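Q: Task: produce atomic coordinates for the following.
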Amino acid sequence: MPILLSLLAQNIIQVIDTAFLGRVGEVELGASALAGIIYIAIYTIGFGFSMGAQILIGRRNGEKNFDKIGEIVIQGILFLLVPAILLIAAFKLGLTESLMKLFKSENVSDAVSDYLDWRVYGFVFAFANSTFRAFYIGIARTKVLMTNSVIMAVVNIILDYGLIFGNFGFPEMGIGGAALASVIAEASSTLFFIIYTRKTVDLEKYGFKKITFKWAVVKKVLNISIYMMLQYLLSIVTWMMFFVFIENYLGERSLAVTNIVRSLYTIVTIPSHALGSAVNTMVSNTIGASRQNEVLNLIKRVTFISLFCMLTIIFVMAILPRVMIHIYTNDASLINDTIVPLYVLLTSLPFYAVGTVLFSAVSGTGNTQKALFFEIITLSGYIFYSWFIIVHLRLSVDWAWTTEHVYWAQLMLFSLFYLRSKKWVHKKI
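A: Okay, here's the model as predicted:
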């Protein structure tokens, strides 16, 4: 539940950004989706590393080797500081301009560029936050995540209102203001984690010692996380290609519709996402405590909880689609164009509910190489289907969202077969 509430608070930021930019214009609304996905694609480098750290922390916590946990956190933050700085430099030295060649519309390209000019500074804080989050989930102390996310959300909402529209004496920056607000919100999150950890965590118990770089610890985390880093990167890059196909072949209106659906997608999948994150560390802790015989029953129970939550959400969304879409725009025409794609998305959500829990459990067993293999096969089918529907057949955005059925159905089946095989039982990490 704390993970769910923290994700809800974090994603309120994305909803508010999208809602505000929907009042600025359709171009900004669509561009924020593309810019956000580019940012997330890079962020997966840090997130994938932190997920590997989370699995390792969970295993050490289950083994009661608490003094080995702090060094994982410290080395994770130090290691991720390097790619964060290098990425900021790369974007400032020409990477942004190179990425803009992906887009057909000059208006969209300019808006994406304005967003990324500010947003890239957030890598330093986002990478650090992902490591702190891995620590607190790994030791099953998740309530702090909710407090942290609420602080970040409040800061972002206030600054969005000020920097996008020029309120509170701030300059009117439009889409660039949304990016700057997000960076400052992430910085406030990092500051909170540092203060909270120093004040409330038993630093000696968890082995938080001198801040010196230890490659041996980083290497151990990388042995697990490198496959997750690749997995998340491939996943987001493929997701980005879906949006590029929409922008290039279906136009700015379809891109705006897709961003609204994407934003709602992010919100309605939060319960299942939270349960997936929880089952990841619960599986790791359970194996670490040498209770492998309990793992499948644990996964089964969490899967049913996820499915029940999702069916409830689908019911609410199905009877109130216009109310939900109205959060993002007042344009009646745009609302009408979004309803059918939203219903298509809703039919894919049961696959998501089951698939995300099962796939997270695969990673939780420590076999991240197998998880990457499943992801590659699944994404190959996903990208081919996306190309066939959008580029080759030029079908509507309604049909484009059937890609989610293809993706989650595949991943669900692969994960289920692997978990039932019990080949993970004696996996050492």
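
Q: how about the strands in this protein?
A: Counting by DSSP state E, the chain has no strands to list.

Q: Ends of stretch 167-176, what's the gap?
A: The first and final residues of stretch 167-176 sit 14 Å from each other (Cα to Cα, to the nearest Å).

Q: residues making contact with it?
A: Contacting residues not belonging to stretch 167-176 are listed as 21, 24, 28, 31-32, 35, 111, 114-115, 117-118, 158-159, 161-166, 177, 180 [Cβ atoms under 8 Å, 6 or more residues apart in numbering]. C-betas here are computed from N, CA, C, even on glycine.

Q: In ChimeraX, select just the buried ones from those.
A: Buried residues among these (16 or more other Cβ atoms under 10 Å), as a ChimeraX selection:
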select :21,24,28,31,32,35,111,114,115,117,118,159,161,162,163,164,165,177,180
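
Q: Give me the subset of the contacts of stretch 167-176 lying in helices.
A: Among these, the members found in helices (DSSP state H) are 21, 24, 28, 31-32, 35, 111, 114-115, 117-118, 158-159, 161-165, 177, 180.

Q: Now do residue 11, the pLDDT please.
A: The per-residue pLDDT reported for residue 11 equals 68.

Q: cool, residue 1 as well?
A: pLDDT for residue 1: 77.

Q: how near is it to residue 148?
A: Note on residue 1: its distance to residue 148, by Cβ to Cβ, to the nearest Å, is 15 Å.

Q: out of these two, which sits in the busier spot?
A: Comparing residue 1 with residue 148 by other Cβ atoms under 10 Å, the one with more neighbours is residue 148, at 23 against 12.

Q: What residues does that one make contact with?
A: Under the criterion of Cβ under 8 Å, 6+ apart, the neighbours of residue 148 are 6, 129, 189, 192-193, 196.

Q: Give me the residues contacting stretch 316-332.
A: Under Cβ under 8 Å, 6+ apart, the answer for stretch 316-332 is 15, 18-19, 22-23, 26, 29, 256, 260, 263-264, 268, 335, 338-339, 342-343, 346.

Q: again, only using 10 Å
A: Contacts to stretch 316-332, defined as Cβ atoms under 10 Å, 6 or more residues apart in numbering, come from residues 15-16, 18-23, 26, 29, 256-257, 259-261, 263-264, 267-268, 334-340, 342-343, 345-347, 349.

Q: now swap in stretch 199-210 and tell me
A: Residues contacting stretch 199-210 (Cβ under 10 Å, 6+ apart): 57, 60-61, 65-74, 135-136, 139, 141, 144, 197-198.

Q: Using neighbour counts, pick out the buried residues of it.
A: Buried, per 16+ other Cβ under 10 Å, within stretch 199-210: 201, 206-208.

Q: quick one, helices of the stretch 101-250 of the chain?
A: Ranges of helices within the stretch 101-250 of the chain are 106-119, 123-138, 143-165, 175-200, 215-249, based on DSSP state H, counting those that start in this stretch.

Q: Residue most distant from the centroid, the protein?
A: residue 169 (32.8 Å; Cα atoms, centre = their mean).

Q: follow-up on the earlier one: export the buried residues of stretch 199-210 as CSV, with columns for pLDDT and distance to residue 272.
A: What follows is the buried residues of stretch 199-210, written out as CSV (pLDDT from 0 to 100; distance: Cβ to Cβ, whole Å):
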residue, pLDDT, distance to residue 272
201, 93, 29
206, 93, 30
207, 90, 33
208, 91, 33
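
Q: List just the nearest of those residues to residue 299.
A: Nearest to residue 299 among the buried residues of stretch 199-210: residue 206, at 27.8 Å, using Cβ to Cβ.

Q: Apply the buried test to the contacts of residue 148 and list what passes.
A: Here, 16+ other Cβ under 10 Å leaves 6, 129, 189, 192-193 buried among the contacts of residue 148.

Q: Confidence-wise, which of those residues comes last?
A: residue 6 (68).

Q: so how far is residue 191 from residue 75?
A: Taking Cβ to Cβ, one finds residue 75 at 21 Å from residue 191.

Q: Buried among the contacts of stretch 199-210? Make that a ChimeraX selection.
A: In ChimeraX syntax, the buried subset of these is picked out as below (16+ other Cβ under 10 Å):
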select :57,60,61,66,68,69,70,71,72,73,74,135,136,139,144,197
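
Q: Let me know the closest of the contacts of residue 148 to residue 225.
A: residue 129 (16.2 Å).

Q: does the closest one really touch residue 190, like I thought?
A: Yes - applying Cβ atoms under 10 Å, one finds residue 129 in contact with residue 190, separated by 5.7 Å.

Q: Please enumerate the shared neighbours of the two.
A: 77, 148, 152.

Q: so which of those residues comes closest to residue 426?
A: residue 77 (31.8 Å).

Q: The closest one: neighbour count?
A: Neighbour count for residue 77, taken as other Cβ under 10 Å: 23.

Q: That one and residue 127 touch, don't they?
A: Yes - using Cβ under 10 Å, residue 77 is in contact with residue 127, at 7.6 Å.

Q: Residues that sit against both of those two, list them.
A: 46, 50, 190.

Q: OK, contacts around the second one?
A: Taking Cβ under 10 Å, 6+ apart as the criterion, residue 50 is in contact with 57, 73, 76-77, 80, 127-135, 137-138, 221, 225, 228-229.

Q: can you do 7 Å?
A: Going by Cβ atoms under 7 Å, 6 or more residues apart in numbering, residue 50 touches 76, 130-131, 133-134.
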